[in-house]
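Colleague: Structure for this input, please:
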Amino acid sequence: MAAQFVPYTPDVDTVEPNFDQNLQTVIGKTESYIAESVEAGGTGRALRDAHAKGYGLVRGEVEILDGLPPEYAQGIYATPGTHDALIRFSNGSPHAGADARLGAATGLALKMFGIPGPTLLEDEPDSGTFDYANINAPVFFCNTVEHYLFIQELFLNAPAYFSQGRPGARRFFTEFVTGKGTLDQDNWAWDEFLAFLRVSKTLPANVLLSSYWTMGAVRHGDYVAKVRITPEPSFAAAVVRRALDPASAAEVFRPALEAELQERPYAFDIQVQLCTDLERMPVEDTTVEWSEQLSPSVTVAKLRLPQQDISGPENLEKMDALSFTPWRVTAEHAPLGNIMRARKEVYRRSSIERHKLNQQPRIEPRSADEVLGSAQ
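Modeller: Just a heads-up that it's a prediction; the model follows:
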């Protein structure tokens, strides 16, 4: 059975030309945006450059399942057991404000505790934590750091474009496809633009009802994979507040999440999709959805959210102080591809700048209780 899965080797991803130079430009723009957001962002605090608005910090528990097939029992999933966890639900936009202004792209950031082994973050190798930073789409709308230079700029300035109505929207779309006039017509960013349109058409829904993907590929021990966190069907069926109308109130996602968790527990499945064909399931092209027909996602763990109360400003304060990054993982789960590689230093530098400006200590917690207090 294992022969059908692509084995991990260091050459499954390649470093694009001028990667380091382009990455430094992205970091510079990111740090400038965060610094300017203290006054421009509307909250009086430095914002994240993506997923700026959080909907709630939730206590959870991850049960790594026993009896997994050997191809899936890799890395941390080779050892059955339970781990305390924290989950940050968020909007994908780099801006804060009313939900109706931000779109329906959302994120689930997961932090597991008590994971042995050094992480891939050189400045905190022994944190004992393991993160996922997933989005509610199986594709992403940027393939290279070079293209991220203009896509990042467009997204940070998106409100200015769309406030001008149809002319502004047309200019945004034109500058996306043409790379703000930097791309030859044969190399226009059509694949990335079409992926952006697909993500932008996501309908607003309770964040408990979305599936969340790793965006890019990751190593899964001896193999190459993507990881999805998807609602456990029986729990999803019990959700009362399902389709949400962001125009109905300034805040719709957080109140719905609060109410559901006050009334009942919830659960997600953590699933691994192993790569079987690098041509049809590419590492470097994040605009391509990996087909479930080529390789179905297999549940390797359960993420359980107990019934709890996340209301109150202290929940948002504690959530804001946390840091999540796809690189706070062990080597067996290393992110793959240029976009995922770029996230390592961008996330680290973004977190350092934000914590400094907000005068928050940047210390990785050792347990969920350390952040939220003892569970009742």
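Colleague: Tell me the spacing between residue 149 and residue 30.
Modeller: For residue 149, the distance to residue 30 (Cβ to Cβ, to the nearest Å) stands at 11 Å. C-beta here means a position set from N, CA and C on the backbone, and glycine is covered the same way.
Colleague: So which of the two has more stuff around it?
Modeller: Neighbours were counted for residue 149 and for residue 30 using other Cβ atoms under 10 Å; residue 30 has more, 23 against 18.
Colleague: Show the model's pLDDT score for that one.
Modeller: We have a pLDDT of 94 for residue 30.
Colleague: Which helix or strand contains it?
Modeller: Element membership for residue 30 (DSSP states H and E) is helix 19-40.
Colleague: in that helix, what's buried?
Modeller: Within helix 19-40, the residues scored as buried using 16 or more other Cβ atoms under 10 Å are 19, 22-23, 26-27, 29-31, 33-34, 37.
Colleague: Tell me which stretches of this structure form helices.
Modeller: Using DSSP state H, the helices found in the chain span residues 19-40, 145-156, 158-162, 165-178, 190-200, 233-237, 253-263, 313-320, 338-357, 368-372.
Colleague: so which of the ones you listed gets nearest residue 305?
Modeller: With Cβ to Cβ as the measure, helix 253-263 is the member of these nearest residue 305 (6.5 Å).
Colleague: What is that closest one packed up against?
Modeller: Using 3 or more Cβ pairs under 8 Å, 6 or more residues apart in numbering; DSSP states H and E, the elements in contact with helix 253-263 are strand 54-64, strand 81-91.
Colleague: related to what we said a few turns ago, export the helices of the chain as TSV, with columns for distance to residue 71.
Modeller: Formatted as TSV, these follow (distance: least, Cβ to Cβ, whole Å):
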stretch	distance to residue 71
helix 19-40	31
helix 145-156	31
helix 158-162	41
helix 165-178	39
helix 190-200	29
helix 233-237	24
helix 253-263	34
helix 313-320	35
helix 338-357	22
helix 368-372	30
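Colleague: Between the ones you listed, which one is closest to residue 124.
Modeller: Of all those, it is helix 338-357 that lies closest to residue 124, at 9.5 Å by Cβ to Cβ.
Colleague: Output the lowest mean pLDDT helix or strand found in the chain.
Modeller: Using mean pLDDT, DSSP states H and E, helix 158-162 stands out as the lowest-scoring helix or strand of the chain, at a mean of 89.
Colleague: on that earlier part again, what does the helix holding residue 30 rub up against?
Modeller: Residues from elsewhere that reach helix 19-40, judged by Cβ atoms under 8 Å, 6 or more residues apart in numbering: 44-49, 52, 94, 145-146, 148-149, 152-153, 156, 338, 341-342, 345-346, 349-350, 353-354, 357.
Colleague: Between helix 338-357 and it, find me the angle.
Modeller: 40 degrees (axes from the mean of the first three to the mean of the last three Cα atoms, to 10 degrees).
Colleague: Next, the angle helix 145-156 makes with helix 19-40.
Modeller: For helix 19-40 against helix 145-156, the angle by the same axes, to 10 degrees is 10 degrees.
Colleague: what's the spacing between helix 19-40 and its chain's center?
Modeller: Its chain's average C-alpha position is 19 Å from that of helix 19-40, according to Cα atoms, centre = their mean, to the nearest Å.
Colleague: so what's the residue nearest to residue 134 when sequence neighbours are not counted bridging to?
Modeller: Spatially, and ignoring its direct neighbours in sequence, residue 134 is nearest to residue 212 (3.6 Å; Cβ to Cβ, 6 or more residues apart in numbering). Residue 212 forms beta bridges with residue 229, as assigned by DSSP bridges.
Colleague: Can you give me the neighbour number for residue 212?
Modeller: Residue 212, neighbours per other Cβ under 10 Å, totals 26.
Colleague: Help me confirm that it comes into contact with residue 92.
Modeller: No - using Cβ atoms under 8 Å, residue 212 makes no contact with residue 92, being 10.7 Å away.
Colleague: list the residues that contact both of these two?
Modeller: 106-107, 135-136.
Colleague: Between those residues, which sits nearest residue 299?
Modeller: Using Cβ to Cβ, the shared contacts of residue 212 and residue 92 come closest to residue 299 at residue 136, 18.5 Å.
Colleague: Number of residues surrounding that closest one?
Modeller: Neighbours of residue 136 under the rule other Cβ under 10 Å: 20.
Colleague: contacting residues for it?
Modeller: For residue 136, the contacting residues are 92, 104-108, 202, 207, 210-213, by Cβ under 8 Å, 6+ apart.
Colleague: Mind telling me the two of those farthest from one another?
Modeller: Within those, two members stand farthest from each other by Cβ to Cβ: 104 and 213, at 15.3 Å.
Colleague: Of those two, which one has the most company?
Modeller: Taking other Cβ under 10 Å, residue 104 and residue 213 do not tie; residue 213 has more neighbours (25 against 20).
Colleague: Okay, that one and residue 42: tell me how far apart.
Modeller: For residue 213, the distance to residue 42 equals 30 Å [Cβ to Cβ].
Colleague: Ramachandran coordinates for the closest residue in space to residue 78 that isn't next to it in sequence?
Modeller: Closest residue to residue 78 apart from its sequence neighbours, by Cβ to Cβ, 6+ apart: residue 221 at 7.4 Å. With angles defined as degrees, to the nearest 10, residue 221 sits at phi 60, psi -110.
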